[in-house]
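Student: I need the structure of the sequence given here:
(one chain, ligands or ions: 1)
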Amino acid sequence: MVLEVKNITKRFGGITALKNISFTIQQGEIYGLIGPNGAGKTTMFNCITNIVEPTEGEIFFNGEKITKLKPYKITEKGICRTYQNIRLFPQMTALQNVMVGGHSRISAGVFRSVIRTKSQKQEEKLLKEKSEELLELVGLGQLKDQFAENLAYGQQRRLEIARALASNPTLLLLDEPAAGMNETETDNLFDLIKKIQSMGITVLIIEHDMSLVMRLCDRITVLNFGEKLAEGTPDEIQNNEAVIEAYLGKE
Ligand code: ATP
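Tutor: Numbers count the residues shown, from 1 in each chain. Reported below is the predicted structural model:
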């Protein structure tokens, strides 16, 4: 088991954003987190990465408790994420944006053995090559020298994924990666996430595009007003009366 979320509750003052939520993710799965606006999905990502500290409960990554670790330590362990709102450096090139993600990997120590044996120049060259490979992977190889702000919206979203991958995650958290994408961009995103899965990276995805979620995910948890409404395969979720009533029926 890669991730175990155990009885997580998060309260913000009088608001209970998550109520006693538990689920587990297996190695190599694409796992979906869905539910209406305000259901608590992003708060769950924030708890996993400890950007907000859970009020109650524990989270384990590869069997190790990560609940109280600093966010950068959690990155070091191998969990990386993208955000609902794009967070690129607009006046840096696509390549530079990815290299920034790689630098966090160096500072996280994943490259420590390389740092010991290679000069800073060699290290930078290695990082550049790796970043170029990642840009090819997400279909932006030709655009590596473009400023991030000049890329189309769907391209910026894929650049964010490349930057997250530069930190060498074994678990990638994607927060609404298809938001604002047209059909072709969403199809490309589907292919990209499948490719990421085939590289042995486990994926946890928040997404409102139900056609994408149902095609992509192995298993899904549905949140509603901070509570877990259902968990199951896409088939089970699509046929679950409570889910249809609370969420799917209103799409
Ligand atoms: P969406 O699909 O709209 O992104 P979501 O399912 O990701 O929604 P969250 O953003 O996790 O929902 O919000 C869950 C609840 O927690 C909401 O009522 C929200 O207002 C509240 N909330 C989230 N973060 C904070 C915060 N930092 N302070 C106070 N309340 C918060």
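Student: and stretch 210-219 with the ligand, contact?
Tutor: No: with C-beta under 6 Å from any ligand atom as the criterion, the ligand is not reached by stretch 210-219; the gap is at least 12.7 Å. Placement of C-beta: from N, CA and C, glycine included.
Student: now do the buried residues in that stretch.
Tutor: By neighbour count on 16 or more other C-beta atoms under 10 Å, the buried set for stretch 210-219 is 210, 212-214, 216-217, 219.
Student: over to stretch 177-189?
Tutor: For stretch 177-189, by 16+ other C-beta under 10 Å, it's 177-178, 181, 185-186, 188-189.
Student: dump the residue contacts of the nearest residue to Ala242 once chain neighbours are set aside.
Tutor: Nearest residue to Ala242, sequence neighbours excluded (C-beta to C-beta, 6 or more residues apart in numbering): Leu229, at 5.5 Å. Neighbouring residues of Leu229 by C-beta atoms under 8 Å, 6 or more residues apart in numbering: 35, 222-223, 240, 242-243, 246-247.
Student: how confident was the prediction at the residue nearest the centre of the chain?
Tutor: The residue lying closest to the centre of the chain (C-alpha atoms, centre = their mean) is Leu173, at 1.6 Å. Predicted confidence (pLDDT) at Leu173: the value is 98.
Student: secondary structure class for it?
Tutor: Secondary structure state of Leu173, per DSSP: H, G, I helix; E, B strand; the rest coil, is strand.
Student: report the contact partners of it.
Tutor: Leu173 makes contacts with 45, 48-49, 79-82, 203-206, as judged by C-beta under 8 Å, 6+ apart.
Student: of those residues - the most surrounded one?
Tutor: Neighbour counts for the contacts of Leu173, by other C-beta atoms under 10 Å, peak at Ile79, which reaches 29 neighbours.
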